[in-house]
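# Give me a 3D structure for the following:
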Amino acid sequence: MKILETASRLFYEQGIRAVGVEAIAEEAGVTKKTLYDRFGSKEDLIVAYLRARDGLWRSTLVKHVNGHDGPAAQKLLATFGALSNWMRERSPRGCAFINASVELPADHPGREVARDQKAWFLAYLEDLATEARAQDPAGLAAQLLILHEGASIADSMGSVDRAVDGASRVATILIERSRAV
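Below you'll find the predicted structure:
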């Protein structure tokens, strides 16, 4: 759908607050009426954008992780390979969900989509940590999520060279320790 594709690109590249429905409609080649007929409001369009981005990240991540046939611990580390590819190909401005959370008011439904995305990712990491026989799968998952988020921010800001690689090296140590306890 051209409207959602256009809105997604503009929201991610320029920021949710900076992009108005007029700009989206114009660039998508539709009228504002058509945009409102399809999405109802800018708020609903933002939610659709975040849900679409979440679906794309989930499928990309799971496909990348499932492509690793090695030990379960390698699947945990593969999440960092997926992040590295994602940052390079689709996310040079950092995490769309963190960016949206910063821009949107606390009661905006887009914030809930962002929280749900992070909750899913944490649960996914915990499942992988359980499969890897970590002593404390929930604790390891939380640590790995923090590494992912920090690497995403550091990479997008250019504050740490090869941030995802560094996070992956730390993750290797955490995973080894979680199994040795």
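
# only C-alpha atoms for contact and neighbour calcs from this point on.
Will do.

# I figured Ala151 hits Val164, correct?
Yes. Under the criterion of Cα atoms under 8 Å, Ala151 makes contact with Val164 at 5.1 Å.

# Skipping its backbone neighbours, what lies nearest the residue positioned nearest the centre of the chain in space?
The residue lying closest to the centre of the chain (Cα atoms, centre = their mean) is Cys95, at 5.3 Å. Once flanking residues are discounted, Cys95 sits nearest to Ser152: 6.4 Å by Cα to Cα, 6 or more residues apart in numbering.

# Could you check which helix or strand contains the one you found?
helix 137-157 (DSSP states H and E).

# same check, this time on Glu176
Here Glu176 is assigned to helix 163-180, by DSSP H and E.

# what do you get for Leu61?
Going by DSSP H and E, Leu61 is in helix 42-66.

# For that helix, report the contacting residues that lie outside it.
Helix 42-66 has contacts (Cα atoms under 8 Å, 6 or more residues apart in numbering) with 4, 7-8, 16, 21, 36, 39, 75-76, 78-79, 81-83, 86, 96-97, 108-110, 113-114, 117.

# Next, the buried residues of stretch 162-177.
Of all the residues in stretch 162-177, those buried under the rule 16 or more other Cα atoms under 10 Å are Ala163, Val164, Ala167, Ser168, Ala171, Thr172, Leu174, Ile175.

# Wait, the second one touches His148, no?
It refers to Val164. Yes. Taking contacts as Cα under 8 Å, Val164 lies within contact range of His148: 7.4 Å.

# Identify the contacts common to those two.
With Cα under 8 Å, 6+ apart, Val164 and His148 have common neighbours Phe80, Leu83.

# re the thing from before, helices or strands next to the helix holding Glu176 in the packing?
helix 72-89, helix 137-157 (3 or more Cα pairs under 8 Å, 6 or more residues apart in numbering; DSSP states H and E).

# mind putting the ones you listed in CSV, mean neighbour count and distance to Ala25 included?
Shown next, in CSV, are these (neighbours: other Cα atoms under 10 Å; distance: least, Cα to Cα, whole Å):
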stretch, mean neighbour count, distance to Ala25
helix 72-89, 19, 26
helix 137-157, 20, 28
